[in-house]
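Colleague: Sharing a sequence plus its predicted fold:
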Amino acid sequence: MADKNDKVPENAPGKYYIDNSCVPCNDCLEEAPKLLKYTDDESKVYFHKQPTTPEELVAARKAMEICPVEAIGDDGE
């Protein structure tokens, strides 16, 4: 389960976030390429944009469901 107290600092403010347990496997990027990016050193993925459309919300949820280490949360601020 993602920890909102351990977010990747690059996450855009909002409900969705990725925490530091991320192992950049690329699965979430395939589900939500418009919302997610690699950090500069490519060690983590983060939400560079919060979902704003119904399609983006679906993509964010799918990315969260597919994450093998449960690093994506939807209880952020």
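Modeller: All right, it came through fine.
Colleague: does the residue nearest the centre of the chain sit in a helix, a strand or a coil?
Modeller: Centroid-nearest residue in the chain: residue 18, 4.2 Å away (criterion: Cα atoms, centre = their mean). Judged by DSSP: H, G, I helix; E, B strand; the rest coil, the three-state class of residue 18 is strand.
Colleague: a helix runs through residue 28, doesn't it?
Modeller: Yes: assessed with three-state DSSP, residue 28 lies in a helix.
Colleague: which residues touch it?
Modeller: Shown in contact with residue 28 (Cβ atoms under 8 Å, 6 or more residues apart in numbering): 18, 36, 45, 63, 64, 66, 67, 72. Just so you know, the C-beta spots here come from the backbone N, C-alpha and C atoms, and that holds for glycine as well.
Colleague: Tell me the buried residues in the helix or strand containing the fifth one?
Modeller: It refers to residue 64. Assigning secondary structure by DSSP states H and E places residue 64 in helix 54-66. By neighbour count on 16 or more other Cβ atoms under 10 Å, the buried set for helix 54-66 is 56, 57, 59, 60, 61, 63, 64.
Colleague: Noted, bye for now.
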